[in-house]
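Enquirer: Here you go, sequence then predicted model.
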Amino acid sequence: MSMKASTRQVDGVTIVDLSGRITLGEGSTVLRDTVKDLLGKGAKHILLNLGDVSYIDSSGIGELVSAYTSVQRQGGELKLLHLTKKVHDLLQITKLYTVFDVQEDEPNAIKSFVK
Amino acid sequence: MESTLESVNKAEEMADQLAIQAGFDEDVRDGITMAVREAMINAVLHGNAYDPGKRVNLTFEQNGHELIITIGDEGKGLDPDEVPDPLAPENLMKQSGRGIFLIRAFMDEVRFRKLEPGTEITLIKRIPGSELDRQEAST
């Protein structure tokens, strides 16, 4: 299953709903292009909803790291929402779980951004 | 197999089917398929650099005790000891370099062998309930 991304705005936060697999090739490219496009449009508060992401490989992890640092460099914040157990475990073993701001609830995640 | 992303996906699917047949539970199967995917990516992308003239050799063996997967490329060769630790603070935010770490995290044993040219990686997962698995559990 290829990856899909759709964006919506809630209270000044851009929520990116991702579904499918973030893997080397199309999945990683979709994520990269989506974040690049949002930064180009001046988005500063980005919430990646990974609730329907079934699988991430090392390339996908790299893309998440790259998205995080790109948004930070532009003076914005990128947070993760609704990690599946698989993605949660993967971020834990790669020691990235504590690097990312991981949120479990959408309304609270939106409030957590410094605006 | 050809040095393409399609081969990576196909190898992943084959590994999943064999892991089901070997009786691994879902969590372990996910780890095995991820290890195979990462090893295939190393072979196709970093080893053979998508060169259509270079092949990836993939073999699966199930001997009742272990699932053994071997992946060989025809690239410039890889020294696993020279791969930086992706958990080191200075490498934590790097975009790449986690593949071999993940392979080691999910498999019981990982071996590298230098080929002329290329690299062969062997991934071993002990089958639950087998004699080797019980020996491992008792040590």
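Expert: That came in fine, so what should we check first? Since the model is a prediction, treat every value here as computed from it, not as a measurement.

Enquirer: Now for residue B:72: which residues touch it?
Expert: Listed by C-beta atoms under 8 Å, 6 or more residues apart in numbering or on different chains, the contact set of residue B:72 reads B:43, B:56-57, B:115, B:118-121. No exception for glycine: its C-beta is placed from N, CA and C like everyone else's.

Enquirer: how about those residues in CSV, adding pLDDT and neighbour count?
Expert: Converted to CSV, the contacts of residue B:72 look like this (pLDDT from 0 to 100; neighbours: other C-beta atoms under 10 Å in any protein chain shown):
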residue, pLDDT, neighbour count
B:43, 97, 30
B:56, 97, 24
B:57, 97, 14
B:115, 95, 14
B:118, 96, 21
B:119, 96, 23
B:120, 97, 18
B:121, 97, 26
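
Enquirer: Run through who's touching the longest strand anywhere in chain B.
Expert: Scanning chain B for the strand with the most residues, using DSSP state E, yields strand B:118-126. Strand B:118-126 is contacted by residues B:19, B:24, B:28, B:32, B:35-36, B:39, B:42-43, B:47-48, B:57, B:65-78, B:103, B:107-114, B:132-133, B:136 when judged by C-beta under 8 Å, 6+ apart.

Enquirer: so which helix or strand takes in residue A:108?
Expert: Using DSSP states H and E, residue A:108 sits in helix A:106-112.

Enquirer: lowest-confidence helix or strand of the chain?
Expert: With no chain named, the answer covers chain A. Lowest by mean pLDDT, DSSP states H and E among the helices and strands of chain A is helix A:26-40, with a mean of 92.

Enquirer: Tabulate the CA atom coordinates of the very next helix or strand once past that one in CSV.
Expert: Heading C-terminal from helix A:26-40, the first helix or strand you meet, by DSSP H and E, is strand A:45-56. Provided in CSV are the C-alpha atoms of strand A:45-56 (Å, rounded to 0.1, in the frame of the first residue of the first chain):
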residue,chain,number,x,y,z
HIS,A,45,3.1,24.4,13.4
ILE,A,46,2.9,21.0,11.9
LEU,A,47,1.4,17.9,13.4
LEU,A,48,2.0,14.6,11.6
ASN,A,49,-0.8,12.2,12.3
LEU,A,50,0.7,8.7,12.0
GLY,A,51,-2.4,6.8,13.2
ASP,A,52,-2.9,5.1,9.9
VAL,A,53,0.8,4.6,9.1
SER,A,54,1.2,0.8,9.1
TYR,A,55,5.0,0.6,8.6
ILE,A,56,8.1,2.7,8.6
